[in-house]
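Colleague: generate coordinates for the sequence data below:
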Amino acid sequence: MNDVADRPLAGILLRLLSGILFTGMMVCVKAASTASVPLGQTVFFRSAFALLPIVAFMAWRREFPRALATRRPLGHLLRSGLGAAAMFASFAALARLPVAEATLLAQLAPVSMALGGVLLLGERFTRHRAAALVMVLGGVAALVVPDLGQARADGRLLGYMLGILAALLTAGGLVTVRRISRTETPASIAFYFVLVTTLAGLATLPLGWVAVSGLTLGLLILSGLFGGAAHICMTLALRFAEVSRLAPFEYVALIWPVLADLLIFGLPLSSGFLVALPLVLGGAGLAALEGRRLRRPLRQ
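Modeller: Now for the predicted structure:
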């Protein structure tokens, strides 16, 4: 475990790269939604093609297929089911919101995970967690309240609700990861999650998919490749650098979604987003650092 903080520069660079790749995935998903690709079909392509870089990475580390052995199949099923539901909700939110706002709402997951640790795992409700909760709730209010009471036909309010739901489901999945990671490898957790989401997307085929080719097909394939590569980079970043070193770069990671909205989709930044940005990211960073502080004595 001594290599966790031995290469902080590599960890920071990988975190920055994961942010770029994740934004690339989001751009591809949003562009596919404008081409009227059904939600389940998008989830299928995103998950199926994410398997390629993940399996290649596992093979490069000589972990495939040995690392897929599991003693907690039901734990994997619960974690993957929550993750699949979160992916459906987040992609549905992304179809209705700017990339930057959908990405910001995803930052609710660390705070929700911290609260889940209190409610489900018996962890202490500290002042740090209380402060993180207050900051995030303030940020969400700043983002959502300006649109309340306005008759909008663009589905923005529904997008906010779906984004919050996705963050809560993601937090539930991460709490489950805490439980099963005592016996399961990160490779097996990632692999079974992607496998289940692929099958969940495929299950929507009877509901009607559309024929895709050319640019749209390329976007769907790239969404999976970007997503799988982003997951690998984030995993390696957390291996090489502590969470406390990576937390400030959550702000940098929001630059790419903002640029995507401005330069690719021509969407201006709302005043609510500018107010919510430091509050939500500050709360998410505080929750992540608190989780790191509580786990440190366990490794000493």
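
Colleague: give me the low-pLDDT residue ranges for this structure?
Modeller: 1-6, 117, 120-123, 149-154, 243-244, 247, 288-300 (pLDDT under 70).

Colleague: OK, contacts around the most centrally placed residue in it?
Modeller: Most central in the chain under C-alpha atoms, centre = their mean is residue 106, positioned 6.2 Å from the mean C-alpha point. For residue 106, the contact set (C-beta atoms under 8 Å, 6 or more residues apart in numbering) comprises 90, 163, 166, 167, 170. Placement of C-beta: from N, CA and C, glycine included.

Colleague: now the two most distant members of those.
Modeller: When C-beta to C-beta is used, the two most widely separated members of the contacts of residue 106 are 163 and 170, lying 10.5 Å apart.

Colleague: settle it for me: which of these two has more neighbours?
Modeller: residue 163 (27 against 23; other C-beta atoms under 10 Å).

Colleague: host element of that one?
Modeller: When elements are assigned from DSSP states H and E, residue 163 belongs to helix 156-180.

Colleague: which elements pack onto that helix?
Modeller: helix 73-94, helix 99-106, helix 108-121, helix 127-144, helix 186-202 (3 or more C-beta pairs under 8 Å, 6 or more residues apart in numbering; DSSP states H and E).

Colleague: relative to helix 127-144, how tilted is that helix?
Modeller: Interaxial angle of helix 156-180 relative to helix 127-144 (axes from the mean of the first three to the mean of the last three C-alpha atoms, to 10 degrees): 160 degrees.

Colleague: between helix 156-180 and helix 186-202, how many degrees?
Modeller: 140 degrees.

Colleague: what about helix 156-180, distance to the chain center?
Modeller: Centroid separation for helix 156-180 versus its chain: 9 Å, with C-alpha atoms, centre = their mean, to the nearest Å.

Colleague: which parts of it are buried?
Modeller: The neighbour-count check on helix 156-180 (16 or more other C-beta atoms under 10 Å) flags 156, 159-178, 180 as buried.

Colleague: next: stretch 52-68.
Modeller: Buried residues in stretch 52-68 (16+ other C-beta under 10 Å): 53, 54, 55, 57, 58, 63, 64, 67, 68.

Colleague: please flag which of those residues sit within strands.
Modeller: Of the buried residues of stretch 52-68, none are assigned to strands by DSSP state E.

Colleague: among those residues, which are located in helices?
Modeller: 53, 54, 55, 57, 58 (DSSP state H).
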